[in-house]
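# Give the three-dimensional model of this entry:
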Amino acid sequence: MTTPDTRTRIVAAIAKIAEVEPSRVTGAQRLREDLGMDSLGSLELLSLISEELKIDLEMEDAMDIVTVDDACAFIEKVRAEGERLVPQV
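Numbering: from 1, shown residues only. Below you'll find the model as predicted:
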């Protein structure tokens, strides 16, 4: 289950890259088909989420992310595993 804060931050990142209002981003929307995100947008999203949530993500990680809900579930899974968290300095 995605925490509300995490979901809000992921939706905000997706909205920023897709250039839409966050209120228009819903869980079932597909990043490419519905929100028009291309491969560069996917890279931007990974970078923004990595920076915002302090998680080390790679391009391979994005291959199975199709929808907004997929992105949220993936980030929660990575956080739960804890191995990719970027150390705070």
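# quick one, helices of the chain?
Along the chain, counting by DSSP state H, helices occupy 4-18, 39-53, 68-81.
# Pipe those into a markdown table and attach mean neighbour count and mean pLDDT per row.
All C-beta atoms are positioned from the backbone trio N, CA, C, and that covers glycine. Listed next are those as a markdown table, based on neighbours: other CB atoms under 10 Å; pLDDT from 0 to 100:
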| stretch | mean neighbour count | mean pLDDT |
| --- | --- | --- |
| helix 4-18 | 17 | 93 |
| helix 39-53 | 16 | 88 |
| helix 68-81 | 17 | 88 |
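# now the ones you listed in TSV, with distance to L31?
Shown next, in TSV, are the helices of the chain (distance: least, CB to CB, whole Å):
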stretch	distance to L31
helix 4-18	7
helix 39-53	7
helix 68-81	7
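# contacting residues for T67?
G27, A28, Q29, R30, L31 (CB atoms under 8 Å, 6 or more residues apart in numbering).
# out of those residues, which is most surrounded?
Highest neighbour count within those: L31, with 23 neighbours (other CB atoms under 10 Å).
# just checking, that residue touches D69?
No. Counting by CB atoms under 8 Å, L31 stays clear of D69, with 10.6 Å between them.
# Wait, I75 touches D5, no?
No. Look at I75 against D5 with CB under 8 Å: they stay out of range, at 11.4 Å.
# what sits against T6?
L53, C72, I75, E76, R79.
# Between the residues you listed, which sits nearest E19?
Nearest to E19 among those: C72, at 19.9 Å, using CB to CB.
# Report whether the expected contact of L43 with M59 is present.
Yes. With contacts counted by CB under 8 Å, L43 reaches M59, the gap being 6.7 Å.
# How many residues are close by M59?
10.
# which residues sit against stretch 20-30?
Outside stretch 20-30, the residues that touch it by CB under 8 Å, 6+ apart are T8, V11, A12, I14, A15, A18, L35, V66, T67, V68, D69, C72.
# could the residues you listed be laid out in a markdown table, adding distance to S47?
Output for the contacts of stretch 20-30, formatted as a markdown table (distance: CB to CB, whole Å):
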| residue | distance to S47 |
| --- | --- |
| T8 | 19 |
| V11 | 17 |
| A12 | 14 |
| I14 | 13 |
| A15 | 16 |
| A18 | 15 |
| L35 | 17 |
| V66 | 19 |
| T67 | 20 |
| V68 | 17 |
| D69 | 21 |
| C72 | 17 |
